[in-house]
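K.L.:
Could you look at this predicted model? Sequence included:
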Amino acid sequence: MSASSPPSAEYALAHIVAQRLFRAGEEPYADDREQYLVLENGEIIEFGRPLRDHRMFPVKSRGKTDSLANDLAEFAAVHGCHDWRFWSVCRPARKTSIEDLEADYRDFNTLLNLVFTDLRQRLGFEYLVCGIHLRFDRTVGLFDLHAHFVCRVPTANLRKVHERFLTEFSRVDLPDEAVRSPQAVARYMRQTFDLTEAVEWPEEALLAAWRLGGKRFHYTRTAGTFADWRAAQRTPADPHHLAQTRDRRQKRAGTRYKGTGWEYQDRHLVTRDWRFGDKVIRGSLYRRARPPAGGPPPRYSSAVPATTQTPPSASPPPRPATLSSPPAAPSKKLASGWRKKAFSAIRRTYIRLKATISRLFHRRE
């Protein structure tokens with residue numbers, strides 16, 4: 001089997017940022033055990049430790065990004081997007097210092113809501129999607145808070161809407177061109193953080209953005225007819241199915257083994273199709289076993305023969321002898337039963353060998 005690098009540059013950047021956060025005392029990982037993928041063609045892809053669900057890691061929120069992009073494209077195909085505008089506004093007056101990031105973010109979000117509400121009530125303005133981005137200006141050491149949004153504006157009120165945005169915000173970008181690719185616009189608005197820049201941020205700025213991203217802010221939100229349309233497209237959840245799922249989870253939690261000395265081989269998590277660019281390959285995801293206390297980690301895996309259907313190149317090493325607690329001595333009754341089973345197995349093997357040798361001699365005669 002051949003080993004390869006992570007499947008995307010975005011994934012590699014996310015792990016570099018996670019390593020910096022971990023060294024700084026944060027916890028960007030969801031588990032302390034590494035994961036790897038075994039493809040059906042025999043290739044092994046190392047994933048490392050799984051990352052937490054966080055805005056700074058777009059690879060963890062790709063499903064939500066795809067859902068928003070596909071929904072906006074479908075909504076545009078049904079209702080048209082010839083009157084949509086893609087505009088941007090920046091936080092007024094000044095950029096944001098590292099220590100004031102959370103307070104300035106709250107103020108900027110509040111101002112956006114007030115302006116949007118006033119324009120909707122007076123001038124028929126309607127925003128469909130809005131996303132707030134955080135960028136860091138390394139030249140002055142300050143954050144740049146700005147928002148991108150897709151909106152509809154009546155042609156008769158376009159000038160008045162322009163004037164209101166120019167009055168409330170210090171920097172604006174209000175082009176008159178209609179949106180040409182709703183899906184691309186939605187994907188861009190979901191990029192709250194830019195990993196290609198965040199990987200080089202100073203530690204103080206990186207920690208401030210990480211802590212802000214962990215709070216339950218609506219960095220990307222929908223509104224208006226688009227939000228109503230998305231809600232109407234959702235299939236209501238079945239209460240009976242939800243109750244069954246909840247019961248199964250409770251039973252698993254109640255019977256789950258909580259010891260630390262049993263997992264000596266890698267654990268199979270899921271087998272499904274994986275997409276790499278334009279290719280779709282079936283593979284199995286595994287989690288490495290936690291090393292036993294006081295001993296080296298095992299260097300073999302149960303994934304190899306199970307996935308490739310070929311015998312392993314070498315027999316696995318014996319089970320580690322070091323345990324978290326010494327095993328109890330077996331009783332005389334158990335030892336006696338074990339001896340009887342061993343003698344029975346030896347006797348059956350001897351009878352089979354004797355019969356095979358006898359048949360071979362008869363054939364030669």
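P.N.:
All right, it came through fine.
K.L.:
what's near enough to touch residue 14?
P.N.:
By CB atoms under 8 Å, 6 or more residues apart in numbering, the residues touching residue 14 are 51, 56, 57, 58, 59, 60, 195. C-beta coordinates here come from the backbone N, C-alpha and C atoms, glycine included.
K.L.:
surely residue 24 meets residue 203?
P.N.:
Yes - in this structure, residue 24 is within contact of residue 203 by CB atoms under 8 Å, at 5.8 Å.
K.L.:
Let me see the contact set for residue 222.
P.N.:
With contact set as CB under 8 Å, 6+ apart, residue 222 has these partners: 68, 128, 129, 130, 230.
K.L.:
Just say helix, strand or coil for the second one.
P.N.:
Under the three-state scheme (DSSP: H, G, I helix; E, B strand; the rest coil), residue 128 adopts strand.
K.L.:
mind listing what's buried in stretch 9-16?
P.N.:
Neighbour-count burial for stretch 9-16, counted by 16 or more other CB atoms under 10 Å, picks out 11, 12, 13, 14, 15.
K.L.:
again with stretch 176-189
P.N.:
179, 182, 183, 185, 186, 187, 189.
K.L.:
Pull the residues that contact it.
P.N.:
So stretch 176-189 is in contact with 65, 68-73, 75-76, 81-86, 129-131, 148-150, 158, 220, going by CB under 8 Å, 6+ apart.
K.L.:
And the buried ones among those, selectable in ChimeraX?
P.N.:
To isolate the buried ones among these in ChimeraX, judged by 16+ other CB under 10 Å, type:
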select :65,68,69,71,72,73,75,76,81,84,85,86,129,130,131,148,149,150,220
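K.L.:
Looking at the contacts of stretch 176-189, which are in helices?
P.N.:
If you go by DSSP state H, the contacts of stretch 176-189 have 65, 68, 69, 70, 71, 72, 73, 75, 76, 158 in helices.
K.L.:
Could you dump those into JSON lines and include pLDDT and distance to residue 170?
P.N.:
Shown next, in JSON lines, are these (pLDDT from 0 to 100; distance: CB to CB, whole Å):
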{"residue": "65", "pLDDT": "89", "distance to residue 170": "29"}
{"residue": "68", "pLDDT": "93", "distance to residue 170": "29"}
{"residue": "69", "pLDDT": "93", "distance to residue 170": "30"}
{"residue": "70", "pLDDT": "93", "distance to residue 170": "35"}
{"residue": "71", "pLDDT": "94", "distance to residue 170": "33"}
{"residue": "72", "pLDDT": "94", "distance to residue 170": "29"}
{"residue": "73", "pLDDT": "94", "distance to residue 170": "33"}
{"residue": "75", "pLDDT": "94", "distance to residue 170": "32"}
{"residue": "76", "pLDDT": "93", "distance to residue 170": "31"}
{"residue": "158", "pLDDT": "91", "distance to residue 170": "21"}
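K.L.:
For residue 213, state which of those residues is nearest.
P.N.:
residue 65 (15.1 Å; CB to CB).
K.L.:
what's the burial count for the closest residue to the closest one other than its chain neighbours?
P.N.:
Leaving aside its sequence neighbours, residue 65 sits nearest to residue 190 (CB to CB, 6 or more residues apart in numbering; 4.5 Å). Using other CB atoms under 10 Å, the number of residues around residue 190 comes to 21.
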